[in-house]
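A.B. asks: Structure of the sequence below:
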Amino acid sequence: MATALVTGGTSGIGAEFARQLAERGWDLVLVARDVARLESTAADLRGRGVDVELLPADLADRAAVDEVAARLEDRSRPVDLLVNNAGFGVHHDLTDPDVSVHDVAFDVMCRATLVLSGAAARGMRERGRGHVLNVSSTAGYLTMGSYSTIKAWVTSYSQGLAVELRGTGVGVTALLPGWVRTEFHQRAGIRSSSIPNGLWLSSEDLVAAALRDMDAGKVISMPTLRYKLLLGLLRHAPLSTVRRVSGSIRSSRS
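C.D. replies: Below you'll find the model as predicted:
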């Protein structure tokens, strides 16, 4: 039976990936900081008839990242799918003298993605099969400080990794969600009323689409036709327009 490792697998998009993969019959390795939530999530998933391994880890801790990487490289327990989902919103000003929040964000969403993807890909390449799915964001097409910068990096990195692994049997997909109704956006201080209803997505639909795109071998997975159209327009808009739209979205946060 195939095994998937999901970071941030106890809430939001990560939990939905775990649920849908379990429904497909995948065994799971769940990575998250909160042990109680890991155990609660695992109990529910095991009730679906799959094995669930728990790996408590704070991906801001480089030693913990190395432990997860070692699990990914364990030849006796191969991982066939890595879902790099762990992350959080970053709304600290770029001019803030305290850059500690930015440091943590880079460690969790850039460095951990780099280290874990590389660890997973090495084993997968050796076996001639597997997939790395990195959760990026449509925010990477905008200019809203550290978070946009980080997610632009994740999208670009994923495409570079896909090029490097071409012909090896290992696939790479970058998932670019828009606004998804999860606790992520609540923690980020984004008011639902400030975003048009038509732009909100359900985590169920998002993950189902991502898994279909993964199965189809797509490198970029972007949810819904409306997002494809909006982001297509944004990519070809003058940079001054991109900055204006970014400023408008930034002002919608509480």
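
A.B. asks: switch to C-alpha atoms for all contacts and neighbour counts from now on
C.D. replies: Noted.

A.B. asks: neighbours of the residue nearest to residue 77 when sequence neighbours are not counted, just the number please.
C.D. replies: Closest residue to residue 77 apart from its sequence neighbours, by C-alpha to C-alpha, 6 or more residues apart in numbering: residue 71 at 8.0 Å. For residue 71, the count of nearby residues is 20 (other C-alpha atoms under 10 Å).

A.B. asks: again with residue 218
C.D. replies: Residue 218, neighbours per other C-alpha under 10 Å, totals 18.

A.B. asks: my guess is it meets residue 173, correct?
C.D. replies: Yes: counting by C-alpha atoms under 8 Å, residue 218 does reach residue 173; the two are 6.2 Å apart.

A.B. asks: Kindly state the beta-bridge partners for the residue positioned nearest the centre of the chain.
C.D. replies: Centroid check for the chain by C-alpha atoms, centre = their mean gives residue 135 as the closest residue, at 2.2 Å. Beta bridges link residue 135 to residue 175, judged by DSSP bridges.

A.B. asks: residue contacts, it?
C.D. replies: Residue 135 sits next to 83-85, 154, 174-177 when contact means C-alpha atoms under 8 Å, 6 or more residues apart in numbering.

A.B. asks: By neighbours, which of these wins?
C.D. replies: residue 175 (31 neighbours).

A.B. asks: looking at this, the residue nearest to residue 77 is in a helix?
C.D. replies: Yes: the assignment for residue 71, made by DSSP: H, G, I helix; E, B strand; the rest coil, places it in a helix.

A.B. asks: measure it to residue 53 for me?
C.D. replies: Computed with C-alpha to C-alpha, to the nearest Å, the distance linking residue 71 and residue 53 is 11 Å.

A.B. asks: Ok, residue 61 next?
C.D. replies: In terms of C-alpha to C-alpha, residue 61 sits 20 Å off from residue 53.

A.B. asks: out of these two, which sits in the more crowded spot?
C.D. replies: Remark: of residue 61 and residue 53, residue 53 carries more neighbours, 17 against 13, as counted by other C-alpha under 10 Å.

A.B. asks: what's the closest non-adjacent residue to the more buried one?
C.D. replies: Nearest one to residue 53, counting by C-alpha to C-alpha, 6+ apart, is residue 29 at 4.6 Å.

A.B. asks: re the thing from before, tabulate the contacts of residue 135 (JSON lines), appending pLDDT and distance to residue 239.
C.D. replies: Output for the contacts of residue 135, formatted as JSON lines (pLDDT from 0 to 100; distance: C-alpha to C-alpha, whole Å):
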{"residue": "83", "pLDDT": "98", "distance to residue 239": "32"}
{"residue": "84", "pLDDT": "98", "distance to residue 239": "30"}
{"residue": "85", "pLDDT": "96", "distance to residue 239": "29"}
{"residue": "154", "pLDDT": "97", "distance to residue 239": "21"}
{"residue": "174", "pLDDT": "98", "distance to residue 239": "23"}
{"residue": "175", "pLDDT": "96", "distance to residue 239": "24"}
{"residue": "176", "pLDDT": "93", "distance to residue 239": "20"}
{"residue": "177", "pLDDT": "87", "distance to residue 239": "22"}
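
A.B. asks: need the residues you listed in CSV with distance to residue 117, can you?
C.D. replies: Formatted as CSV, the contacts of residue 135 follow (distance: C-alpha to C-alpha, whole Å):
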residue, distance to residue 117
83, 9
84, 8
85, 12
154, 11
174, 12
175, 14
176, 17
177, 19
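
A.B. asks: for these, which one is nearest residue 146?
C.D. replies: residue 154 (12.3 Å; C-alpha to C-alpha).
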